[in-house]
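Trainee: What would the 3D arrangement of this be:
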Amino acid sequence: MADNPEQATQLPEQTDAEGKPLSKKAIKKQQKEAEKEKRKAEVAAKLDAEAEARKADDYSSGCYGDLPLVQSKEKTGRVWTHIRELEVSKVGQTFLMRTRVHNRRGAGKLCFLVLRQQYHTVQAVVSVSDAVSKQMVRYASDLHLESVVDVTGVISAAPEKITGCTQQDIEIQVTKIFCVSKAMPQLPLQIEDAMRPEGAEDGPQGRVNQDTRLDNRIIDLRTTTNQAIFRVQAAICRIFRAHLTAKGFVEIHSPKIISAASEGGANVFEVSYFKGQAYLAQSPQLYKQMCICADFEKVFTTGAVFRAEDSNTHRHLCEFVGLDIEMSFYEHYHEVLEVIGGMFIALFKGLHAECAEEIATVNKQYPAEPFTFLEPSLILNYAEGVEMLRANGVEMGDEDDLSTPNEKLLGRLVKEKYGTDYYILDKYPLAVRPFYTMPDPFNPKLSNSYDMFMRGEEILSGAQRIHDPDLLTERALHHNLDLQKIKSYIDSFRYGAHPHAGGGIGLERVCMLFLGLNNIRKTSMFPRDPKRLTP
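Mentor: Predicted structure coming up:
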């Protein structure tokens, strides 16, 4: 037993990893770190205790929270409701919806959410009550924008019109809210910014530019405007198909990998094809004609069209959706012209009737004059159009093609004179048309061809096709085409061919011009131009 009590209580000497004694400074630092860890543990224990206490007091437990991953484990038979179905007549009823969190604003015992499904929005209220705890309100207030949530709530009449939502006369009193899929807290672009109307003052974050939109297209497509634009585009295809099918047309599908440039030009994408070369189709033109020769009589097709044009304009794409028509006729190609013109009239009427809500949604962000047209379609000769331009100071020859500025000017002149945004220009100069275009029987400088225009921009190019193999060969040689590469096309007319005509339409351009938009990338879901190959 030690004689000195101090020696009995002396702590063992502290050493480092190598067994060397620690300095006083190192010992002091070590003690501070130990105290810090102790305080941290005490705080954590206190927070855990508070959380447990809150949990014990949380009478809404089980009515909110993050759901486990949906892996198709069960079928509950629950009835789901879409926001567009919610209306004043259903006040007091309870509904279940799956939506996105479009916006949120929380303060103390109250949280306002704007819920969104496609282009429909509704305000939801989460407020402390006998059924809703503070913890549930806090959970709703912390939800990330764009997260997917399941919301159960009771419809109530809104105390005043909610102008920021499509459902303006009601709101949802939330009783349950569960997160199905969390969005990241920081989004590459804010939906509210992407929806800001043109001409409005910039918000704190400014406007979202086109490249940012396209780089983050998945989020950009969620805006109510884009949801509406692509529903209008879908309606264009639907009406196009329905109208022509009712007229006895057969829908066909043509190859997109071909052996020769279908338009006879250099603007074609070349691809390797096993040991040889092939091209991406610039048009389904040749195959539509082959189908006429095969006695299908009237055909149409929808599909991708490829143009290797280094054009970075508001209306050109390297890949677009073509809506193409071809049909035989008896005496005059105007039989076909009238059918196509009638199709456009039916299309415009159908869009106004079926898509009024979508058009109004687009106009909120991109205001435009309503699209106007005449019935039947206005048809002008090319020479008449040239004279109208010359009368307004434009210098151009009889066989010159229309430049883009002249197209737009002519569109304005036609609108002023005839009151229509849509018209047809007939009898183009032969020199500016493809090799398969039928020459005019009375004037060798003209052709049996036509273009159609919306708001001063071309949306269809068409013509009577040459169905005589000798004349077709002559015209192909005139255009310096390799006859061997189009041999099968020319040969298809050697076994008897009906006179026929048709045209090709650009879907994205029609949608853009009908809605009065200023860039074709707004109507191409994932645009391809000389500078963009993603996403």
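
Trainee: Could you tell me how many residues sit around M290?
Mentor: 21 (other CB atoms under 10 Å). Bear in mind the C-beta positions are built from the backbone N, C-alpha and C, glycine included.

Trainee: Remind me which helix or strand it belongs to.
Mentor: Assessed by DSSP states H and E, M290 sits inside helix 285-293.

Trainee: mean confidence for the helix or strand just after that helix?
Mentor: Under the assignment DSSP H and E, the closest C-terminal helix or strand after helix 285-293 is strand 298-306. Mean pLDDT, strand 298-306: 97.

Trainee: Could you list every helix and strand in contact with strand 298-306?
Mentor: Judged by 3 or more CB pairs under 8 Å, 6 or more residues apart in numbering; DSSP states H and E, the packing partners of strand 298-306 are helix 224-246, strand 250-251, helix 285-293, strand 319-328.

Trainee: Just the helices from the stretch 301-450 of the chain, written as ranges.
Mentor: 334-354, 356-365, 382-390, 404-418 (DSSP state H, counting those that start in this stretch).

Trainee: Of these, which is nearest G504?
Mentor: Closest to G504 of those, according to CB to CB: helix 334-354, at 10.6 Å.

Trainee: circling back: kindly reformat the helices of the stretch 301-450 of the chain as TSV containing mean pLDDT and distance to E42.
Mentor: Shown next, in TSV, are the helices of the stretch 301-450 of the chain (pLDDT from 0 to 100; distance: least, CB to CB, whole Å):
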stretch	mean pLDDT	distance to E42
helix 334-354	98	66
helix 356-365	96	54
helix 382-390	97	86
helix 404-418	97	74
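
Trainee: quick one on the thing from earlier: including mean pLDDT and distance to M97, could the helices and strands packed on strand 298-306 go into a markdown table?
Mentor: Formatted as a markdown table, the helices and strands packed on strand 298-306 follow (pLDDT from 0 to 100; distance: least, CB to CB, whole Å):
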| stretch | mean pLDDT | distance to M97 |
| --- | --- | --- |
| helix 224-246 | 98 | 16 |
| strand 250-251 | 98 | 37 |
| helix 285-293 | 92 | 46 |
| strand 319-328 | 98 | 33 |
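
Trainee: Would you reformat these as CSV and include distance to D400?
Mentor: Shown next, in CSV, are the helices and strands packed on strand 298-306 (distance: least, CB to CB, whole Å):
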stretch, distance to D400
helix 224-246, 32
strand 250-251, 37
helix 285-293, 24
strand 319-328, 26
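
Trainee: which one of the ones you listed lies closest to N209?
Mentor: It's helix 224-246; of the helices and strands packed on strand 298-306, that one is closest to N209 (CB to CB) at 15.3 Å.

Trainee: buried set for that closest one?
Mentor: Residues of helix 224-246 classed as buried: 224-233, 235-236, 239-240, 243-244 (neighbour count, 16 or more other CB atoms under 10 Å).

Trainee: pLDDT below threshold where in the stretch 151-300 of the chain?
Mentor: Under the criterion pLDDT under 70, the flagged ranges of the stretch 151-300 of the chain are 200-206, 262-266.
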